[in-house]
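Asker: Okay, structure incoming, though there's no sequence with it:
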């Protein structure tokens, strides 16, 4: 047993929930952001503003033409796998081999591809790390092992994982349509909490393929956390804190939450309020790339996702019956109120009640240097 522990330590193979559930998951979201999300944005900008070089098909694969954005989206599996390998501190030969593994796994996993990529890339990366530099022909052994293990694992587990993730996401979306009030609260609160925790709400939404009303509720929950924390902590953190939390991430408050969990009451209650408002009153749907559902106001990606879904719904949303619309005044009012105005008003008011109750004190929301 001691020999096994020594070997794992030497190979930097850390079997922990943090390494796989936080580091790898967060990196996967970044890989997805830099491929699928950016590709979707480029395609939408090109089509809506008639930008020639963004709408021109630059390459044809199997008789299918791809634009610049299309190619970025096409490589999402590879981008996710390489990002996961980077988070696991895989050596170069392993890291580069993961590009093939990720592409194959995402294709085999279909709608649930991102979740399949997470599992398979971890397996392939750790096996590759285990054999890396153990032989004199490392240049052959490491990429062969990484590729064969990864694609073999993808062949076996990607289809059922993808199907399970897709089915669970469908269940959430259908339940939200049937029970928009209660599911609006549940989805908004859970995804919002996930956004502030050191895990990736964007990756979770992408894995589950959350679009439609459920995606709108997720956007509401994320915005409640980000804008809520940003505004209610303005007296402590000023404009820098407003921007870093409002357009960056509310995860910056995690050290303060650990010290005083009661500071989390106001944003969480706010998400429970704005979620059903989004689903019941404004019928806010997020039909862009599912990753946008978990982005909130981070780089305004949640709002870009809603807009993209209005004018050019993503393939997952189209498969669920979404259609392009011309947004009206009610649509824009709902997006602005849910994303910015309501969290900025409701969250500080609730936090003020918490202050009067003695649960939150001056300095509790100050961001660490």
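Answerer: Ah, there it is. Being a predicted model, the structure only gives us computed values, none of them experimental. Numbering: from 1, shown residues only.

Asker: Let me know the secondary structure of the residue of the chain most remote from its centre.
Answerer: Distance from the centre of the chain peaks at residue 136, with 40.4 Å (Cα atoms, centre = their mean). Assigned by DSSP: H, G, I helix; E, B strand; the rest coil, the conformation of residue 136 is coil.

Asker: Could you tell me how far it is located from residue 149?
Answerer: 21 Å (Cβ to Cβ, to the nearest Å). Bear in mind the C-beta positions are built from the backbone N, C-alpha and C, glycine included.

Asker: coming back round to it: could you give the backbone dihedrals for the residue farthest from the centre of the chain?
Answerer: phi -80, psi -10 (degrees, to the nearest 10).

Asker: And the pLDDT at it?
Answerer: At residue 136, the predicted lDDT confidence score is 92.

Asker: got it, and the one 10 residues further on?
Answerer: In the prediction, the pLDDT value recorded for residue 146 is 97.

Asker: and it, how many neighbours does it have?
Answerer: Residues near residue 146, counting by other Cβ atoms under 10 Å, number 31.

Asker: surely it meets residue 102?
Answerer: No. Assessed by Cβ atoms under 8 Å, residue 146 is found out of contact with residue 102, at 11.2 Å.

Asker: can you map out the strands along the stretch 1-150 of the chain?
Answerer: 59-61, 64-66 (DSSP state E, counting those that start in this stretch).

Asker: so what's residue 196 up against?
Answerer: 225, 229, 249-251, 253-254, 257, 264, 267 (Cβ atoms under 8 Å, 6 or more residues apart in numbering).

Asker: One more pass at 6 Å, please.
Answerer: 225, 250-251 (Cβ atoms under 6 Å, 6 or more residues apart in numbering).

Asker: Once you drop chain neighbours, what's closest to residue 231?
Answerer: Leaving aside its sequence neighbours, residue 231 sits nearest to residue 344 (Cβ to Cβ, 6 or more residues apart in numbering; 4.6 Å).

Asker: what do you get for residue 194?
Answerer: residue 201 (4.0 Å).

Asker: And the one you found, how close does it get to residue 80?
Answerer: 16 Å.

Asker: likewise residue 41?
Answerer: 17 Å.

Asker: Looking at these two, which is more packed in?
Answerer: More crowded of residue 41 and residue 80, by other Cβ under 10 Å: residue 80, with 34 against 21.

Asker: who touches that one in this structure?
Answerer: Per Cβ under 6 Å, 6+ apart, neighbours of residue 80: 28, 31-32, 102, 117.

Asker: Then residue 242?
Answerer: With Cβ under 6 Å, 6+ apart, residue 242 has these contacts: 230, 234.

Asker: Please look at the residue nearest to residue 231 and residue 226 and confirm they touch.
Answerer: No. With contact defined as Cβ atoms under 6 Å, residue 344 does not reach residue 226; the gap is 10.5 Å.

Asker: Between the two, point out the one with more neighbours.
Answerer: residue 226 (31 against 19).

Asker: For residue 272, see how far away the more buried one is.
Answerer: On the measure of Cβ to Cβ, residue 226 and residue 272 end up 16 Å apart.

Asker: returning to what we had before: let me know how buried the residue nearest to residue 194 is, in neighbour terms.
Answerer: Count around residue 201 with other Cβ under 10 Å applied: 30.

Asker: Distance-wise, check it relative to residue 91.
Answerer: Using Cβ to Cβ, residue 201 is found at 30 Å from residue 91.

Asker: List the buried residues for stretch 332-348?
Answerer: 334-335, 337-340, 342-344, 346-348 (16 or more other Cβ atoms under 10 Å).

Asker: for that stretch, what is the average pLDDT?
Answerer: On average, stretch 332-348 scores 97.
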